[in-house]
Structure formats: structure tokens, C-alpha cells
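Novice: Could you work out the structure for the sequence below:
(chains A and B)
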Amino acid sequence: MLKLDPRTCLILLVIANVVIFIQNSAVIEIVWIGLLLVLLCICGAARSAAKLAGVFAGCMILQYIIFPIAPKAIVSIFFIFISYARKAMPCLIVGTLIMKTVSVRELTAALLKWKVPYSFIISLSVSIRYFPAIKEEIGYIRDAMKLRNIKFADKFECMIVPIMMSAAATSDELSAAAVTRGIENPCEKTSIIDIKYGIADYICIAAGILFTVLAVVIR
Amino acid sequence: MNVQKTSTGKMNGKELITVGIFSAIYFAINLVFMVAGGIHPIIWLMMPAFIALCTGVPYMLLCAKVPKTGAITLMGLITGLIYFATGTFTIVILLTFLAACIIAEIIRKATGYKSTVGNLFSYVVFSVGMIGSPLPIWLFRNDFLTQIREQGMGEHYVQVLDGLATGKMLVIMILLTIICAFVGSGLSKIMFRKHFEKAGMV
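Specialist: Have a look, this model is predicted:
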């Protein structure tokens, strides 16, 4: 199983965006997505790769086979979601790669190596880790609202207040934990994780650059 | 430990964590409207106003919890970076958003972080920064419309958008955003009184 440097994953994320933004031919898009999917497989997330490949194939089928014959009203509603999904696919793939293979610790180590300000790293990593918590929270609040038959007009308040309350509580708890571990120690931070570029990293970045050039050249 | 030393000036660890958490909430609310904007052009054009209406509570709570320079800019940077990573932001919105964050920051600093009026106006400026999302239609109309057409937005969507995006619409959009920002901050004031102050959070 291949393990990429977290920095390579971040660079790939940017390249994936750039390629999909400037490309203009379906061939490049498909080959690029195919390669990213293979990379995802090699890195040991074959199941997610299969799932994403299914979604992409579904989008293509809808867009090229179903849409030309479907009624116009239905097409105009779903068209944008489908084309969004298609555009977001490379990002989704690299994003999955990062989610599955890179821990927040490694991400932090990578950003520290890039000399990103420490205050920014702290906020960003807290932010990234808090998204799943919001999702969970909203699920619970929804259940509770259903149980009590909350009126539509009150929904916003009933949603936002508990989220805010728990956000404040979480930030207190988290900072207590972080202060105990020495977040406010002014000396330079070290990391137990040693990150290095390997051959696979160079190959990935080279492939990314190659595709960027191809996307510019082939129109 | 030198917590006392950092009580003014730079943000300490706890405040950085608070900023991180509130940025996540802000981003989540933002994302809901961003996705909804794909349904119909009018929702997209009104997106800054909707966001201004709904994000008042997290913004004001963040202002109350972190009365330091940089809190809002940091929130803007994180939101911008995550959007950039998902490839949905254009350069225009990054610029307007960042500019709005910095101006909002200056207003907060000038009014001493605790003033209600100061926070209100910084929120209005911050909200108007979101205008950058639909702004490219007015700045480079034809290029932008061809671009989103090539990117796969439906023909119907592009046509409706072209019809809707008049000069009058731009004025309405900005005014509506400002009004919604006032209403949003009023809402947050009510929430503060009704819930957060009683709970001893601020």
C-alpha cells in the first residue's frame, strides 16, 4: 500500500482544481479522473474509489444518454447538480484520499514544514475536525424537533441556539485539553511525524503538472 | 503559564480554537445557500442576503468571545481556503471577501470590540463581501456567461441569469444584503438576550 506525503496530497488537490477549471475536452477529464481513481486504489481505499467511479459513470450516463431524451423541466432541475458533481469529482477523489490516508496530525506537520503561521494551523485543523461534529449535532436536533412538533417559524432558532451552545462548550473543553498539552508554550513546536518526499510523490506531482500542460494545450 | 500576558494583543490558544469552531459553523451555513443557489439563478443572486440573515448569530457570538484583532480575518481566510480547496470560489469573491474581512476588522478595532454599533457595522461590511460570488456577471458578463455555460450550467439557467442580471438588480442585491445584515444582527441580539446571556455564555 502506497503512502503519499501529505504535502503531495495538498499539491494534488490544487492541481486537480486547476486542471478541471481550465480543461475543455472530455478525454482529458476522463483520463485525469481515471488516474486519480487508480491512485486512490493504490493508496488502499479501493472501496471508496469504486463508489466514486460509480457516481462519475452515473453522471456521464445521465448527461449524455438520459438528458437528451428526458422532459425539459426535469432536466433543468437536475442538470446543474449533475454538472456540479462532475466538476467536483477530482476534488472529491483527492479529498477522499486525504480523508482516508492523512490524519490531521500529518496535515499539521505538513503545514508546519511549509512555514504556515501556527495560529492559522490551529484554527484550520480545529475547523476541519469540527465539521463531522456539526453534522452529528444537526441530526440530533432534527430528531428532537420532530419529537416536539416545532413550528416552521421557530425552526431557525431551535436549530442555531443549541449549535451555538455546544460550540461554546466544545471550545472550552478543547482549549482546556490543548492548554494542558502545552498549546501556549511559546517555544517552537516539534512533531513526531517525519515527512519526506519519495519517488511516488515526485511521480504524482509530475503527472499533475503534465495534465495541467495538456489541459492548456488540448482544446 | 503566561495566560495573563496574552490577554491583550495576539490571540491565545483558546481563542484560536474558538475561531476555528465558529468558522466551521459559518462555513456550514454558507455552504447550504451556496448549494441552493444552483437550483435557480434568483436564489444565487439573493445568496449574500440569505447568508447575511442567517450568519448573524455565529458572527456576533464570535465577536463577543474573541475581542482581538484578527478573529474575523482568520475566519474569512479559513472559509476562503476551504472553498478554494473544493474549487467553487472565483478570484473575484476571494478578493471582495478578504477586503470585506479586513475592513470589518478595522471597524471592530476602531470601535474597541465591545460596541454594539461597531460590531453591527462590521457585520454589514463582512456580509457585503459575499457579493463577490455573483459579481462577475456584472464585471465581465459575456466571458462569465460563456464560462459557466462551458462548465456545464444548463442553457436555461444561463439564459434566466442573463435576463435577471440588470443594473437595477445589482443595486437591489446590495441593498437587500445590507438590510438583511441589519435584520440578521437584530435577530442575533434577540437570541443573545433570550438565550446566551441567561446561560452566561457572553
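
Novice: Kindly format the C-alpha coordinates of stretch A:100-110 as CSV.
Specialist: What follows is stretch A:100-110, C-alpha atoms only, in CSV (Å, rounded to 0.1, in the frame of the first residue of the first chain):
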residue,chain,number,x,y,z
LYS,A,100,-8.6,8.2,4.3
THR,A,101,-4.9,8.3,4.3
VAL,A,102,-3.8,11.6,6.0
SER,A,103,-4.5,12.3,9.7
VAL,A,104,-5.0,15.8,10.9
ARG,A,105,-1.6,15.4,12.7
GLU,A,106,0.2,14.7,9.5
LEU,A,107,-1.6,17.6,7.8
THR,A,108,-0.4,19.9,10.7
ALA,A,109,3.1,18.6,10.3
ALA,A,110,3.0,19.3,6.5
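
Novice: neighbours of A:Trp32, just the number please.
Specialist: 24 (other CB atoms under 10 Å in any protein chain shown). (C-beta placed from N, C-alpha, C; glycine too.)

Novice: residues contacting the closest residue to A:Ala110 other than its chain neighbours?
Specialist: In space, and not counting its chain neighbours, A:Ala110 is closest to A:Pro6: 3.9 Å by CB to CB, 6 or more residues apart in numbering or on different chains. If you count contacts by CB atoms under 8 Å, 6 or more residues apart in numbering or on different chains, A:Pro6 has them with A:98, A:102, A:106-107, A:109-110, A:195.

Novice: got a list of what the residue nearest to the spatial centre of chain B touches?
Specialist: By CA atoms, centre = their mean, chain B has its centre lying nearest to B:Ser127, at 4.4 Å. Neighbouring residues of B:Ser127 by CB under 8 Å, 6+ apart: B:48, B:51-52, B:55, B:100, B:177-178, B:180-181, B:184.

Novice: And the helix or strand encompassing it, what's buried?
Specialist: Following DSSP states H and E, one finds B:Ser127 within helix B:116-128. By 16 or more other CB atoms under 10 Å in any protein chain shown, the buried positions in helix B:116-128 come out as B:118-128.

Novice: hmm, who's touching stretch A:108-116?
Specialist: A:5-7, A:10, A:118, A:121, A:124-125, A:189, A:191, A:193, A:195.

Novice: Is A:Cys187 in a helix, a strand, or coil?
Specialist: Per DSSP: H, G, I helix; E, B strand; the rest coil, the secondary structure class of A:Cys187 is coil.

Novice: where's it relative to A:Tyr118, distance?
Specialist: 11 Å (CB to CB, to the nearest Å).

Novice: quick one, which of these two is more surrounded?
Specialist: Under the criterion of other CB under 10 Å, the comparison of A:Cys187 against A:Tyr118 puts A:Tyr118 first, with 16 against 6.

Novice: Assess the claim that the more buried one and A:Lys189 are in contact.
Specialist: Yes: assessed by CB atoms under 8 Å, A:Tyr118 is found in contact with A:Lys189 at 6.7 Å.

Novice: tell me the centre residue of chain A?
Specialist: A:Gly95 (3.4 Å).

Novice: helix/strand/coil for that residue?
Specialist: Of the three states, A:Gly95 takes helix under three-state DSSP.

Novice: can you put the buried residues of helix B:116-128 in JSON lines and add pLDDT?
Specialist: Below are these laid out as JSON lines (pLDDT from 0 to 100):
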{"residue": "B:Gly118", "pLDDT": "93"}
{"residue": "B:Asn119", "pLDDT": "93"}
{"residue": "B:Leu120", "pLDDT": "94"}
{"residue": "B:Phe121", "pLDDT": "94"}
{"residue": "B:Ser122", "pLDDT": "95"}
{"residue": "B:Tyr123", "pLDDT": "95"}
{"residue": "B:Val124", "pLDDT": "95"}
{"residue": "B:Val125", "pLDDT": "95"}
{"residue": "B:Phe126", "pLDDT": "95"}
{"residue": "B:Ser127", "pLDDT": "94"}
{"residue": "B:Val128", "pLDDT": "93"}
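
Novice: Can you point out the buried residues in the helix or strand where A:Met60 lies?
Specialist: Using DSSP H and E, A:Met60 sits in helix A:46-61. Neighbour-count burial for helix A:46-61, counted by 16+ other CB under 10 Å, picks out A:48-49, A:52-53, A:56, A:59.

Novice: neighbours around A:Ala206, how many?
Specialist: A:Ala206 is flanked by 10 other residues according to other CB under 10 Å.
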